[in-house]
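>>> Give me coordinates for this.
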Amino acid sequence: MKIITLQDVKNHIEIKSLVSSANTNLETMGYTEHGQRHVSYVSRTAANILLALGYEARMAELAAITGWIHDIGNAINRENHGLTGALLSYDILARMGMSSSEVALIIAAIGNHEEQIGTPINIVSAAVTIADKSDAHRSRVGKRTMNDIHGRVNLSIQKNYITVDKEKKVIKLFIYMDTKVSSTMEFLEIYMQRMIMCEKAAALLGCSFELIINKTIINRQNQSPTVESLAKTEKNVSGLE
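Model prediction:
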């Protein structure tokens, strides 16, 4: 069996086509961006979460690979795209020569990343879940999504990033919204289930998860109010601003 790297996956012609097709299909259907910008963010952030928590480099690379291909099922249909994406990924990765144990880890993560039908199932799955669900940002908004609730919420988000505190075992998602464009209530209307899934994913990693919008802790009100000072001392693992 071969050691398949993230770069191998990025360079694979079938994967390139599937990522591009998935994004085109969703754009036509009126969804936010799901192309190279999104998969790059999820890939990088998932890997950095595991590295920040002290996991080995290969596990982080498997998370990066999963993040890059997690949405290719959208090339077939939006409905159950995690399941179809897992099947597509199994075939491609097996043909590339990846070990069956690594393939199994990746397809389980892909098959469980949809909040409607999935649940964090392993370390890679947990990291990819948090990375995927945290990607709300104005750069994802296209012409077709400008005027619906998803467009408003994403357009309002000027900055978002994840921090990981290994010692305190806390993963935090910081979001800064322009409240003239959208609101915390609208964010929760479409992201509540995803944030609950992030809580489950963090728990699998032995951590708690905090959502902080405009310096206010949304889901852990009993925590210290000095959010801004804490953010400056923790490692920014996503770097999307």
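
>>> residues contacting residue 35?
Residues in contact with residue 35, defined by CB atoms under 8 Å, 6 or more residues apart in numbering, are 19, 20, 22, 23. In this view, the C-beta of every residue, glycine as well, is placed from N, C-alpha and C.

>>> Am I right that residue 26 is in contact with residue 73?
No - between residue 26 and residue 73 there is no contact under CB atoms under 8 Å: 11.0 Å.

>>> Those two - which one has more neighbours?
The residue with the greater number of neighbours, taking residue 26 and residue 73 and applying other CB atoms under 10 Å, is residue 73; the counts read 26 against 23.

>>> got the contact list for the closest residue to the more buried one other than its chain neighbours?
Across the structure, with CB to CB, 6 or more residues apart in numbering as the measure, the residue nearest residue 73 apart from its sequence neighbours is residue 85 (2.9 Å). Counting by CB under 8 Å, 6+ apart, residue 85 makes contact with 69, 70, 71, 72, 73, 74, 110, 111.

>>> what is residue 175 paired to in the beta sheet?
residue 160, residue 213 (DSSP bridges).

>>> quick one: it and residue 215 touch, right?
No - if you go by CB under 8 Å, residue 175 and residue 215 don't touch, sitting 10.0 Å apart.

>>> what about the two, which has more around it?
Neighbours were tallied for residue 175 and for residue 215 using other CB under 10 Å; the higher tally belongs to residue 175 (22 against 12).

>>> Export only the CA atoms of the helix or strand harbouring residue 190, formatted as CSV.
Secondary structure from DSSP states H and E places residue 190 in helix 184-204. Listed next in CSV are the C-alpha coordinates belonging to helix 184-204 (Å, rounded to 0.1, in the frame of the first residue of the first chain):
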residue,chain,number,x,y,z
THR,A,184,-27.4,36.2,15.9
MET,A,185,-31.0,34.9,15.7
GLU,A,186,-30.8,34.3,12.0
PHE,A,187,-27.4,32.7,12.4
LEU,A,188,-28.9,30.3,14.9
GLU,A,189,-31.9,29.6,12.8
ILE,A,190,-29.8,28.0,10.1
TYR,A,191,-26.7,26.9,12.1
MET,A,192,-28.1,25.6,15.4
GLN,A,193,-28.1,21.9,14.4
ARG,A,194,-24.5,22.4,13.0
MET,A,195,-23.3,24.0,16.2
ILE,A,196,-24.8,21.1,18.3
MET,A,197,-22.9,18.8,16.0
CYS,A,198,-19.7,20.7,16.7
GLU,A,199,-20.3,20.3,20.4
LYS,A,200,-20.6,16.5,19.9
ALA,A,201,-17.4,16.6,17.7
ALA,A,202,-15.5,18.5,20.4
ALA,A,203,-16.6,16.1,23.0
LEU,A,204,-15.3,13.2,21.0
